[in-house]
Structure formats: C-alpha cells, structure tokens
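build me a model:
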Amino acid sequence: MDTKKVLDYINSNWAKTIRQPDDVIHGNIRIPYPFTVPDAEDTFTDFYYWDTYFHNIGLILAGREEQAESNLDVMKFFVGLLGYVPNANHITDRSQPPLFTRGVFDLYKTTGDKAVILRYVDALLKEHDFFVTKRTLPCGLCAYSTALTDDELLGNTWLFERVGEPVPEKREDVIRMTRNLFAIAESGWDFNPRFDTPEGRFRTDEFIHLDLNCLLYDAELKLSFMLREIGRDDDADAMAEIASERKNLVEKYLHDPATGLYLDYNFVRKEFSGVCSVASFYPYFSGISNDADGALRLLEKLELPHGIATCNERPGAAYLQWDFPAMWPSNVYFTVAALENAGLPDDARRIAFKYVETVTGIFEKTGFLWEKYDARTAEVSVTNEYRTPKMLGWTAGVYQFMCAKYGF
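Next up is the predicted model:
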C-alpha cells in the first residue's frame, strides 16, 4: 500500500480549502478570520463546525498550526456572537458535536503555550454552559435539539422527502417530527436510525443521546485540566466534579447490563435503542469506560471486511446516510481511539489500516478523496440522501492521523 501519493495530494491541497473573510458564499454572517472548508473542489464551501476539528488534526500534522488556530478563532467568534458554535456559518439554528474544547486542547498540547488556553478558555466555558443550560434533560444528561420556532419548523417539511417519510396530517405531528430531524442534524449524523421506535423512525426527543454526553465528558475533563494549567484551581475542581457526575449518570442510564453495551436510552419506553452504532464506542473514546470485553462485543457487530460501519446490519431496513455500511472518517477516528483506550491496540491498528487501505485504493482509481466509503465493498459509499461528494476535510485529516500514528 503506497500512501505517499495520497499524503502528497493532501498536503498540496490543504491551501485550496482555506477561505478568506469575504469568501463566505451562503448566509449573512461575515467570518472575520481565514477558515477552512471541507471541500477542495466546489461542493461544501462554507465553515462547518465538527468537520473543522478534523481539518485541524490534518493542518497541525501538516505544520499549518497558524491556520488551525485561525479556525479556533472562528469558533470563538461564533460563541461570542451566538453563545455556541453553529452547524455552519449559514446554518445557525443548531450547533454540532462539541469539539471546540478538544481542538483547543490539541493545539495547546502541540505548542505547549499556555497563552492558547488563556485565549480561548472563556469561550470554551460559554459553549459548555450552552449545552448544560439548553440541552439538559430532567435526568441530568443531555440531548441534541434545535432553536427553530414552531412556525420555522413548519416551513422545513422538505426534510420528510429526504428521509422517505410522508408529511403527517396533524400540525403538531409535523412540528414534532421536524424538530426531531433537526435535532438529529445537530448530532452531525444526519440522518441515522438510532432513535427508531414502533411509533416512528425518528423519535429523537424520547432518547438520552450517548455520543453528546461522552463528548461533553471529554470536554469537561479537558477543561478541568486546562483551567488547572492556568492556575484556576477552584474552577478546575468544579469542572472535574461536573465530569464525575456525568460519568456516573452515563453508567446509570446508558449502559445496558444485558448486552454489556452503551446505548442511547429511550426514557419514555424505558428501553435501550435497538440500533447499535459507533456512538457506542464513545464511552471508551472519552474514558468513561475501559472495558475491553464490551469494546470487543461492539467491534464484532460493526467491523466489516474493509472498515467500520456506522450502524449494525439490519436485514430489511431502509438504510440512511449515517448507517450500515457507511464508513465515515470521523467514526474511524473515534473507533480507533476507543479501542486504544480499551487496551486493544492491535484491533485499533487493524481498523486504522482498513480505512487507510480503502481510501488509498479509491484514490488510485479516481484521483480524489471522498466524503465516506463503503466498509463492505471498499468503494465510495452510495446513499439516497445526496450524492457522495469529493472531500478533503475530515477524510484527509483522519488519513494523515492514522498514517502518522501507525506508520502506514
């Protein structure tokens, strides 16, 4: 497997993903710093929140720390403007998986400069407060949502066609389902089957969302560490206590003793999600658990010949975009980190190798990287929601990371 050509292609194309403040194409918010977009071509040409975390992984590996810092400045700008980092510069009704803190932590570990922490810490705390105040359920854990009003939700029924659902007859049902679909969009996994129940395929509002709480736990640990680094010991202790309580609640509500897996939990039906997904790796990724047996049981359900599927196979199911057998770069990153943290380095390396091998093989055929891949066939993933685009972004960042970590 020759990764050099792919790595050369990535390093020579990062500059094509950098946009200047006046280059925003959609929306009416002028971003005041240079920022990166997911696509070196012309499909995704705006700032996207959680994509950018993976861009920064690649940018730092490519020696472009200045641009990685500029991307973090964009996140800080949005927190100051909106109170959170939006899905994209033109999609501000919701956020996305909270990786801002992790991005700052990565840059600090790279530079060793406490000025990095001082530059961003107040914005990080403000984002954390957004999720705690706007996304917390009565049980104390969090769930994705949206800021859209009922009238705005009624104006977005185009989503029903995208997921293959008829528009409900009752106004309140239209509002509820649209809100649930937008909540899934905040998860970044738009769309996925994790919140399927006998009453409906997208009952997002009935569930505690596993991935969000694990990412918040990770952010809380890193915030505690960084606060201590700059001498704010009392704040560090308080944040560590918040993290500890979240960990306890995850164990209480989101760990299924019958299967040994962590799963989204339906608090209305009082049962776990029937769909197993890469989200179940997040407790191992974040350090909530290091149970190797549980991680291996999950791996058996999701590993395919050419990588890791987003969700388990379900014969007869109408598969969505974030579903079986799609292999998304972000999911590979979380899975590999989870397996390493669970004490399974050989399994982690194997999953990383499958991803790198698949991306390399498709690059040799097409000359491009792509948004996602098929873990069964080692081809470009095909879904009905939209045509799979060429991609640099997180595909490149995760590829660089795996090659650097394992010497591919």
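
drop to CA atoms for contacts and neighbour counts, all remaining ones
OK.

least trustworthy helix or strand in this protein by mean pLDDT?
Here the helix or strand of the chain ranked lowest by mean pLDDT, DSSP states H and E is helix 158-162, holding a mean of 92.

what residues does it touch?
Helix 158-162 has contacts (Cα atoms under 8 Å, 6 or more residues apart in numbering) with Pro166, Val167, Thr178, Leu181, Glu385.

filter those to the buried ones?
For those, a neighbour count by 16 or more other Cα atoms under 10 Å gives the buried set as Val167, Thr178, Leu181.

which of those sits closest to Thr149?
Ranked by distance to Thr149 (Cα to Cα), the buried ones among the contacts of helix 158-162 are led by Thr178 at 10.7 Å.

list the residues that contact that closest one.
Listed by Cα under 8 Å, 6+ apart, the contact partners of Thr178 are Leu153, Leu154, Asn156, Thr157, Leu159, Phe160.

and the buried ones among these, selectable in ChimeraX?
This is the ChimeraX syntax for the buried subset of the contacts of Thr178, where burial follows 16+ other Cα under 10 Å:
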select :153,154,157,159,160
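
check the offset of stretch 289-301 from the chain's centre.
On the basis of Cα atoms, centre = their mean, to the nearest Å, stretch 289-301 sits 20 Å off its chain's mean C-alpha point.

ok, back up a step: just the buried ones among the contacts of helix 158-162: which are in helices?
Per DSSP state H, helices hold the following members of the buried ones among the contacts of helix 158-162: Thr178, Leu181.

just put the buried ones among the contacts of helix 158-162 in CSV and tack on pLDDT and distance to Ser145.
Formatted as CSV, the buried ones among the contacts of helix 158-162 follow (pLDDT from 0 to 100; distance: Cα to Cα, whole Å):
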residue, pLDDT, distance to Ser145
Val167, 95, 20
Thr178, 97, 11
Leu181, 98, 9
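
could you dump the buried ones among the contacts of helix 158-162 into TSV and include distance to Val37?
Supplementary listing: those in TSV, determined by distance: Cα to Cα, whole Å:
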residue	distance to Val37
Val167	33
Thr178	27
Leu181	24
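
which member of the buried ones among the contacts of helix 158-162 is positioned nearest Lys5?
Looking across those and measuring by Cα to Cα, the closest to Lys5 is Leu181, at 39.6 Å.

what sits against the nearest residue in space to that closest one that is not next to it in sequence?
In this structure, Leu181 finds its nearest non-sequential neighbour in Phe202, 6.8 Å apart by Cα to Cα, 6 or more residues apart in numbering. Applying Cα under 8 Å, 6+ apart to Phe202 gives the contacts Met177, Asn180, Leu181, Pro193, Arg194, Phe195, Asp196.

how does it look with 10 Å?
Counting by Cα atoms under 10 Å, 6 or more residues apart in numbering, Phe202 touches 163, 165, 176-181, 183-184, 191-196.

now for the helix or strand where Leu215 lies, which elements pack on it?
Per DSSP states H and E, Leu215 falls inside helix 210-229. Contacts defined by 3 or more Cα pairs under 10 Å, 6 or more residues apart in numbering; DSSP states H and E place helix 210-229 against helix 100-111, helix 114-134, helix 233-254, helix 282-286.

got CSV for those helices, with mean pLDDT, mean neighbour count and distance to Tyr319 too?
Converted to CSV, those look like this (pLDDT from 0 to 100; neighbours: other Cα atoms under 10 Å; distance: least, Cα to Cα, whole Å):
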stretch, mean pLDDT, mean neighbour count, distance to Tyr319
helix 100-111, 98, 19, 30
helix 114-134, 98, 17, 30
helix 233-254, 98, 18, 24
helix 282-286, 98, 26, 22
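
compare these and give me the one nearest Val275.
Per Cα to Cα, nearest to Val275 of the helices and strands packed on helix 210-229: helix 233-254, 13.3 Å.

given whatever helix or strand comes next after the closest one, what are its sheet partners and their directions?
Sequence order places strand 255-256 as the next helix or strand after helix 233-254, per DSSP H and E. Using DSSP bridges, the strands paired with strand 255-256 are strand 261-262 (antiparallel).

right, and the helix or strand after the partner strand?
strand 265-266.

how far out from the middle of the chain is that following strand?
20 Å.

with stretch 368-379 instead?
Distance of stretch 368-379 from the chain centroid (Cα atoms, centre = their mean) equals 18 Å.

pLDDT of it, averaged?
In this model, stretch 368-379 carries a mean pLDDT of 97.

so where is this protein shaky, pLDDT-wise?
Residues of the chain meeting the criterion pLDDT under 70: none.

against Gly200, how distant is Arg176?
To Gly200, Arg176 is 11 Å away according to Cα to Cα, to the nearest Å.

those two - which one has more neighbours?
In this view Arg176 and Gly200 are compared by other Cα atoms under 10 Å, and Arg176 has more residues nearby, 19 against 11.

quick one, the one helix or strand that one maps to and helix 210-229 angle?
Per DSSP H and E: Arg176 is located in helix 171-186. Angle of helix 171-186 versus helix 210-229, following axes from the mean of the first three to the mean of the last three Cα atoms, to 10 degrees, is 50 degrees.

what's the next secondary structure element after helix 171-186?
Of the helices and strands lying after helix 171-186 in sequence (DSSP H and E), the nearest is strand 207-208.

can you classify the residue nearest to the spatial centre of the chain by secondary structure?
Nearest to the geometric centre of the chain sits Pro97, at 5.2 Å (Cα atoms, centre = their mean). Look at Pro97: counting by DSSP: H, G, I helix; E, B strand; the rest coil, its state is coil.

what's the nearest residue to it if we skip its chain neighbours?
In space, Pro97 is closest to Ser187, 5.7 Å off (Cα to Cα, 6+ apart).

residues in contact with that neighbour?
50, 87, 94-98, 143-145, 209, 211-212.

out of the contacts of Phe202, which comes closest to Thr17?
Ranked by distance to Thr17 (Cα to Cα), the contacts of Phe202 are led by Phe191 at 25.3 Å.

my read is that the closest one contacts Leu320, right?
Yes - counting by Cα atoms under 10 Å, Leu320 is a contact partner of Phe191 at 6.0 Å.
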